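Student: sequence first, then the predicted structure:
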Amino acid sequence: MGADLVTALIGAVIAGAAGLLLGKLNAFKKKKGRSPLWLGALLFAVVLIGLLYFEERPDETGQTDGGGKPVAGTTISAPYVRAEGEMLVHYINVGQGASQLLVGPTGKTMLIDAGNNDKEEMIVAYLQRAGIKKIDILVGTHPDADHIGGLDAVIDHFDIGQFYMPKVQSNTKTYEDVLLAAKKKGIKVDSAKADVNLKWDSGATARIVAPIGDYSDTNEMSAVIRVAYGETSFLLTGDAESKSETDLVASGTNLKADVLLIGHHGSNSSTSDPFLERVGPKYAVIQSGKNNYGHPTPEILAKLAGKNITVLRNDTSGNIVFVSNGKSLDIKLDPWEYIKGKAK
């Protein structure tokens, strides 16, 4: 039974009980001139229960943790306003694609990927809605269209600081459009590779940990970035698959993260057991939409559930925003959508 139906049934029961008791009170008053105290107290208790249930109950995100329990988060109707000293990590709902917006504790911004070509208007609108004026660091994890399709629009509409992409050749128009947009604005494309410390926000650290080697598969060449703020950390993986994951584990680099972006939209080609063990996340975010690939696969979901990792998904919860104060994490869910030139 769906959560909305359960809520409606409970509401109906509470309202019915309150109406019945109110009717009894009125009947006693008409017949005897007054109503018994116990009946008034019972009515008060029913109303109080209703208020507590509907005002204090946590939002149900539609997500489940590793044990199948609903994840409690706060649904927001407007962009979350960052408080001083907070870091935000937005997992933007771009459908079958990926995009993450980071706002550091001092306000510096980083955008990693920008969804597919048909999400150009949407990604620009999302950034504008969030009050973004400049992208201090822009990253295209690898040349696949569902990751870099919107980057040219971002370059056209915003001031860009540094721009990173791995050294991968591609002859697609999407890739060429991104390079042309950068060239028109005189933006240099720096190489995204392992052991690059990004000069981003003074309150946080950001380090590219992969690709470590040269791979024939463009997915394996994905830029993987670890971001840490205080005691909290995030690992953002692009479409990195098992070969890159194996090399990362063997390298001994710090992969520990509270929040892991599941590689390749939840494909079986990523999230290998040794890699997942090394990262040890509390939360896993899956960026996927309607697709014919079976993403995320039942095997990956079962693996995460078996390790009691809380799973959040764009395809069921919309935009997902993690808020870090350097010690703990809070989850905000933003259902905002942009469809056919109109936000809703």
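Tutor: Yep, it's here. Numbering: from 1, shown residues only.

Student: can you tell me the SS state at residue 90?
Tutor: strand (DSSP: H, G, I helix; E, B strand; the rest coil).

Student: actually residue 122, not the one I wrote
Tutor: helix.

Student: how many other residues sit next to the closest residue in space to residue 113 that isn't next to it in sequence?
Tutor: Excluding the flanking residues, the one nearest residue 113 by C-beta to C-beta, 6 or more residues apart in numbering is residue 147, at 4.3 Å. Using the backbone N, CA and C atoms, a C-beta is placed for each residue, glycine as well. Residue 147 is flanked by 29 other residues according to other C-beta atoms under 10 Å.

Student: surely residue 147 touches residue 139?
Tutor: No - contact between residue 147 and residue 139 fails when scored by C-beta atoms under 8 Å: they sit 9.7 Å apart.

Student: who touches both of these two?
Tutor: residue 113 (C-beta atoms under 8 Å, 6 or more residues apart in numbering).

Student: which residues sit against stretch 264-275?
Tutor: So stretch 264-275 is in contact with 96, 98, 219, 237, 239-242, 245-246, 248-249, 255, 262-263, 286-288, 291, 293, 295-297, 299-301, 303-304, going by C-beta under 8 Å, 6+ apart.

Student: meant to ask about stretch 157-164
Tutor: Applying C-beta under 8 Å, 6+ apart, the contact partners of stretch 157-164 are 124, 127-128, 132-140, 154-155, 182, 185, 187-192, 196, 198-199, 208, 223.

Student: of these, grab the buried ones for ChimeraX.
Tutor: Here is the ChimeraX selection string for the buried members of the contacts of stretch 157-164, based on 16 or more other C-beta atoms under 10 Å:
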select :124,127,132,135,136,137,138,139,140,154,155,182,187,189,192,196,198,208,223
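
Student: drop anything exposed from the contacts of stretch 264-275.
Tutor: By 16+ other C-beta under 10 Å, the contacts of stretch 264-275 give 96, 98, 219, 237, 239-242, 245, 248-249, 255, 262-263, 286-288, 295-297, 300-301, 303-304 as buried.

Student: list the contacts of residue 94.
Tutor: By C-beta under 8 Å, 6+ apart, the contact list for residue 94 reads 114, 115, 116, 119, 122, 123, 146, 150, 287, 289, 314.

Student: closest to residue 330 among these?
Tutor: Nearest to residue 330 among those: residue 314, at 18.0 Å, using C-beta to C-beta.

Student: burial of the closest residue in space to that closest one that isn't next to it in sequence, as a residue count?
Tutor: Excluding its sequence neighbours, the residue lying closest to residue 314 (C-beta to C-beta, 6+ apart) is residue 93, at 4.2 Å. By the criterion of other C-beta under 10 Å, residue 93 has 27 neighbours.

Student: phi first, then psi, for residue 93.
Tutor: Per-residue torsions, residue 93: phi -80, psi 90 (degrees, to the nearest 10).

Student: average pLDDT across stretch 24-40?
Tutor: Throughout stretch 24-40, pLDDT has a mean value of 70.

Student: just to revisit the earlier point, among the buried ones among the contacts of stretch 264-275, which are in strands?
Tutor: residue 286 (DSSP state E).

Student: which of the buried ones among the contacts of stretch 264-275 fall in helices?
Tutor: In helices, defined here by DSSP state H, the members of those are 242, 245, 248, 249, 300, 301, 303, 304.

Student: and the last one, how far from residue 310?
Tutor: For residue 304, the distance to residue 310 (C-beta to C-beta, to the nearest Å) stands at 8 Å.

Student: distance check, residue 27 against residue 36.
Tutor: Separation of residue 27 from residue 36 (C-beta to C-beta): 11 Å.

Student: now residue 129, nearest residue through space, not along the chain?
Tutor: In space, residue 129 is closest to residue 79, 5.6 Å off (C-beta to C-beta, 6+ apart).

Student: neighbours around that neighbour, how many?
Tutor: Using other C-beta under 10 Å, residue 79 has 19 neighbouring residues.

Student: residues contacting it?
Tutor: Applying C-beta under 8 Å, 6+ apart, the residues near residue 79 are 129, 130, 131, 334.

Student: ok but residue 38 is inside a helix, no?
Tutor: Yes - the assignment for residue 38 is a helix, going by three-state DSSP.

Student: hey, where'd the strands end up in the stretch 201-344 of the chain?
Tutor: 205-210, 224-229, 232-236, 259-261, 283-286, 310-313, 319-324, 329-334, 338-339, 342-343 (DSSP state E, counting those that start in this stretch).

Student: want to throw those strands into CSV with mean pLDDT?
Tutor: Supplementary listing: the strands of the stretch 201-344 of the chain in CSV, determined by pLDDT from 0 to 100:
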stretch, mean pLDDT
strand 205-210, 98
strand 224-229, 98
strand 232-236, 98
strand 259-261, 98
strand 283-286, 97
strand 310-313, 95
strand 319-324, 98
strand 329-334, 97
strand 338-339, 86
strand 342-343, 55
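
Student: could I get these as CSV with distance to residue 87?
Tutor: Output for the strands of the stretch 201-344 of the chain, formatted as CSV (distance: least, C-beta to C-beta, whole Å):
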stretch, distance to residue 87
strand 205-210, 11
strand 224-229, 5
strand 232-236, 8
strand 259-261, 12
strand 283-286, 15
strand 310-313, 17
strand 319-324, 5
strand 329-334, 10
strand 338-339, 25
strand 342-343, 25
